[in-house]
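Asker: Below is the sequence, then the predicted model.
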Amino acid sequence: MAGRGRSSFTKRQKERTRQEKQREKAERKAQRKLEKPEGSDELSAEDFSAVAEQWALPGGATDEYENENE
């Protein structure tokens, strides 16, 4: 194990940080879901941003829509 370079350590550290952030994000999402009032059909700013991100992705909804119209 002594043969590992610094890059391996930093990769593991980055991966651990990424996983921790992902876990925290999932916890926040679950908490928001619990706090969300029942019967609320209104879209929040988060919903709009999620849709905007999907449309911005390559192969996202805009690409599919354009292909259907051709």
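Answerer: Perfect, I can see it now.
Asker: all helices for the protein, in order.
Answerer: Taking DSSP state H as the criterion, the chain carries its helices at 6-35, 45-56, 61-69.
Asker: for this protein, which spans come out with low pLDDT?
Answerer: Within the chain, the ranges that satisfy pLDDT under 70 run 1-4, 37-46, 48, 54, 57-70.
Asker: circling back: make a markdown table from the helices of the chain and add mean neighbour count to it.
Answerer: C-betas here are computed from N, CA, C, even on glycine. A markdown table is the format used below for the helices of the chain (neighbours: other CB atoms under 10 Å):
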| stretch | mean neighbour count |
| --- | --- |
| helix 6-35 | 10 |
| helix 45-56 | 10 |
| helix 61-69 | 9 |
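Asker: Kindly provide the distance from residue 10 to residue 49.
Answerer: 31 Å (CB to CB, to the nearest Å).
Asker: Check residue 26 too.
Answerer: 17 Å.
Asker: again with residue 28
Answerer: Taking CB to CB, one finds residue 28 at 14 Å from residue 49.
Asker: And residue 29, by the same measure?
Answerer: From residue 29 to residue 49 the distance is 13 Å (CB to CB).
Asker: ok, now residue 35?
Answerer: From residue 35 to residue 49 the distance is 18 Å (CB to CB).
Asker: what do you get for residue 23?
Answerer: 21 Å.
Asker: Residue 22 now?
Answerer: 18 Å.
Asker: before we move on, what about residue 24?
Answerer: 18 Å.
Asker: can you check residue 56 too?
Answerer: Residue 56 is 10 Å from residue 49, by CB to CB.
Asker: Next: residue 14.
Answerer: When residue 14 is compared with residue 49 (using CB to CB), they lie 25 Å apart.
Asker: And for residue 17?
Answerer: Residue 17 is 23 Å from residue 49, by CB to CB.
Asker: just residue 27 next, same as before
Answerer: Taken as CB to CB, the span from residue 27 to residue 49 is 19 Å.
Asker: Residue 25 now?
Answerer: With CB to CB as the criterion, residue 25 and residue 49 are 14 Å apart.
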